[in-house]
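**Student:** Generate a structure from the sequence data that follows.
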Amino acid sequence: MPLDDTEIKSLIEAQGKAFDAFKASHEEEIKELKKGVSDPVLQDRLTKIEKSLDGAVEAKAAIEAAIKAERKEREDLELRLARGGGDKSGDMAKEMKSFNLSLGAAGGKGQVDDKGYDAYKSAFTNFLRKDARLLSGEEVKAMSVGSDPDGGYLVTPDVSGRIVKKVYETSPIRQIASVTTISSDALEGLEDNDEAGYEWQSETQTPADTTTPQLGKWRIPVEQLGAMPKITQKLLDDAAVDVEAWLADKVGAKIGRVENTAFVTGNGVGKPRGFTDYTTAADSGAGVTWGSIGYVKSGASADFAASNPADKIFDLVGLVKEAYLQNSRFVTRRSVITKIRKFKETTTNAYLWQPGLQAGAPESLLGYPITRAEDIPTLAADSLSLWFGDFMAAYQIVDRLGVRVLRDPYTVKPYVLFYTTKRVGGGVVNFEAIKAMLFNS
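**Tutor:** Below you'll find the model as predicted:
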């Protein structure tokens, strides 16, 4: 059944009702606390309301993503039909170009034409269903361009595209960071964080030498990431099973989860380096040494300050330069949002956290969108559990062209394993664009 906006409207209404109930219960809780009492029934009700509110927020985001994906697929189909009764020649040309690029990146055996690519696609599908030794001579010949006998075969671009789509859907860091695809083993760039010298000069004054700005360099290598889903040979023999779609779904879901963790907490050793792994330093607003990320303290160990806790969130926003604010957002985990949800602005008494009560509008804090990432450290003494800034400017994700799959029917009989590998890297390239909150006094 096609998705439509009806479910979104229903969730927005449920979200609004839950938020109203939350505010009423929280006000009641404040009155009880002022009297020096704590009603367990009220606390239980508030906890249930907050779970309901979290559920509505997450469900709304998931359905909006599904609607967006479905509309994109429909638009692509309509475009192909408009080009001439479903003619896919344009799409095929793009696929073939991507495949040849992948061949070059993987050290393949030259370029293929449209007939060669069609033959490879057909042979690849048969390879997924049966052992390579059972392929015909023509199929083996067709696949040889993208094959290393021990390294697996290159995944066709249409399947690779479905894997990437799944990764984007499951990994929120990819949605907020900068993503670049390369064909080498690393992405390099220049750091221009110095200024040229200058001086005021009179009309007849001889110019003096001024300082020359210094350029640094950053480098993000790509590391190998693997997933190994399994399926029975009996199911593979069933022609009704779309094994390519199955592979894309399983691999994409797994890679998305693993990547997301690495982009947040990875140590950079054989994996991307997460933004929480870098050196941090106390930031008073003047900035910190390049290579470190500035932080502001929350005012209490493993918690927000007992008095005026929201003030520190304003301080955190204040650390980020004006140039980055337009594209800035908060990144944190659900438990931190639960605490922040009760904070109010001291002069207007308005809640700082707001649900997205319009289609396409995310939940927000101080007017900035929030990205939920459960890989952010749990609240604890000295934890960096709340982040803010322009992650598109700060964090760079690097994908290397090409995905490989190696079929293993022997290790876990009666299952067939599909060892699928891709190469990806990540790291901070702009240290002043993001800031963190250190939960300590």
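**Student:** quick one: low-confidence parts of the stretch 151-300 of the chain?
**Tutor:** For the stretch 151-300 of the chain, applying pLDDT under 70 flags the ranges 151, 168-171, 192-199, 201-215, 239.
**Student:** list the contacts for S298?
**Tutor:** Going by Cβ atoms under 8 Å, 6 or more residues apart in numbering, S298 touches F304, A305, P309, K312, L386, M437, L438, F439, N440, S441. Heads up, the C-betas are built off the backbone N, CA and C, glycines and all.
**Student:** Am I right that D54 is in contact with R333?
**Tutor:** No - with contact defined as Cβ atoms under 8 Å, D54 does not count as touching R333 (11.3 Å).
**Student:** Compile the contacts of S298 into TSV and extend it with columns for distance to V241, pLDDT and secondary structure.
**Tutor:** Shown next, in TSV, are these (distance: Cβ to Cβ, whole Å; pLDDT from 0 to 100; DSSP: H, G, I helix; E, B strand; the rest coil):
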residue	distance to V241	pLDDT	secondary structure
F304	52	95	strand
A305	57	92	coil
P309	54	90	coil
K312	54	94	helix
L386	45	97	strand
M437	49	97	strand
L438	51	97	strand
F439	49	97	coil
N440	54	94	coil
S441	58	88	coil
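**Student:** Which of those sits closest to R219?
**Tutor:** L438 (28.2 Å; Cβ to Cβ).
**Student:** Return the distance of the closest residue to the closest one other than its chain neighbours relative to G285.
**Tutor:** Leaving aside its sequence neighbours, L438 sits nearest to Y295 (Cβ to Cβ, 6 or more residues apart in numbering; 4.5 Å). Computed with Cβ to Cβ, to the nearest Å, the distance linking Y295 and G285 is 12 Å.
**Student:** Between these two, tell me which one has more neighbours.
**Tutor:** Neighbours were counted for Y295 and for G285 using other Cβ atoms under 10 Å; Y295 has more, 22 against 10.
**Student:** quick one: the more buried one and S385, what's the gap?
**Tutor:** 11 Å.
**Student:** related to what we said a few turns ago, which two in the contacts of S298 are spaced the farthest apart?
**Tutor:** Within the contacts of S298, L386 and S441 form the most distant pair, 15.4 Å apart (Cβ to Cβ).
**Student:** Which of these two has more residues huddled nearby?
**Tutor:** Taking neighbours as other Cβ under 10 Å, L386 and S441 compare with L386 leading, 29 against 12.
**Student:** Dig out what that one forms beta bridges with.
**Tutor:** In this entry, L386 is beta-bridged to T332, M437, by DSSP bridges.
**Student:** ok, it - contacts?
**Tutor:** When contacts are counted by Cβ under 8 Å, 6+ apart, L386 touches S298, I313, L316, F330, V331, T332, V336, I376, A436, M437, F439.
**Student:** Show me the helices in the stretch 301-441 of the chain, by range?
**Tutor:** 311-318, 322-325, 334-340, 391-394 (DSSP state H, counting those that start in this stretch).
**Student:** picking that back up, name the residues contacting each of Y295 and G285.
**Tutor:** In contact with both Y295 and G285: no residue, using Cβ under 8 Å, 6+ apart.
**Student:** closest to A93 among the contacts of S298?
**Tutor:** The shortest gap between A93 and any of the contacts of S298 belongs to L386, at 46.7 Å (Cβ to Cβ).
**Student:** Tell me how far that closest one lies from S160.
**Tutor:** Separation of L386 from S160 (Cβ to Cβ): 36 Å.
**Student:** swap in K115?
**Tutor:** Taken as Cβ to Cβ, the span from K115 to S160 is 21 Å.
**Student:** what domains does the record give for the chain?
**Tutor:** Per automatic domain parsing, the structural domains of the chain span 5-82, 89-153, 155-192+214-237+248-333+373-441.
**Student:** Compute the first-to-last residue distance for the last one.
**Tutor:** Pointing back at domain 155-192+214-237+248-333+373-441 there. Length of domain 155-192+214-237+248-333+373-441, first residue to last, Cα to Cα, to the nearest Å: 52 Å.
**Student:** Can you tell me which of the contacts of S298 lies closest to Q396?
**Tutor:** For those, the nearest to Q396 is L386 (22.0 Å; Cβ to Cβ).
**Student:** how many other residues sit next to the nearest residue to F124 once chain neighbours are set aside?
**Tutor:** Distances taken as Cβ to Cβ, 6+ apart place T156 nearest to F124, at 5.6 Å, with adjacent residues excluded. Residues near T156, counting by other Cβ under 10 Å, number 21.
**Student:** just R45 next, same as before
**Tutor:** By the criterion of other Cβ under 10 Å, R45 has 16 neighbours.
**Student:** Give me the buried entries from the contacts of S298.
**Tutor:** Among these, those buried by neighbour count (16 or more other Cβ atoms under 10 Å) are F304, P309, K312, L386, M437, L438, F439, N440.
**Student:** ok, now which ones touch the third one?
**Tutor:** Read that as K312. Counting by Cβ under 8 Å, 6+ apart, K312 has contacts V296, K297, S298, G299, F304, A305, M437.
**Student:** hmm, back to that, between K115 and S160, which one's more packed in?
**Tutor:** S160 (24 against 9).
**Student:** contacting residues around the helix or strand harbouring the more buried one?
**Tutor:** Element membership of S160 [criterion: DSSP states H and E] is helix 157-170. Under the criterion Cβ under 8 Å, 6+ apart, residues 65, 69, 94-95, 98-99, 102, 121, 155, 174-175, 244-245, 247-249, 251-253, 255-257, 259-260, 399, 402-403, 420, 422 lie in contact with helix 157-170.
**Student:** among those residues, which are in helices?
**Tutor:** 65, 69, 94-95, 98-99, 102, 121, 174-175, 244-245, 247-249, 251-253, 255-257, 259-260 (DSSP state H).
**Student:** Noted, bye for now.
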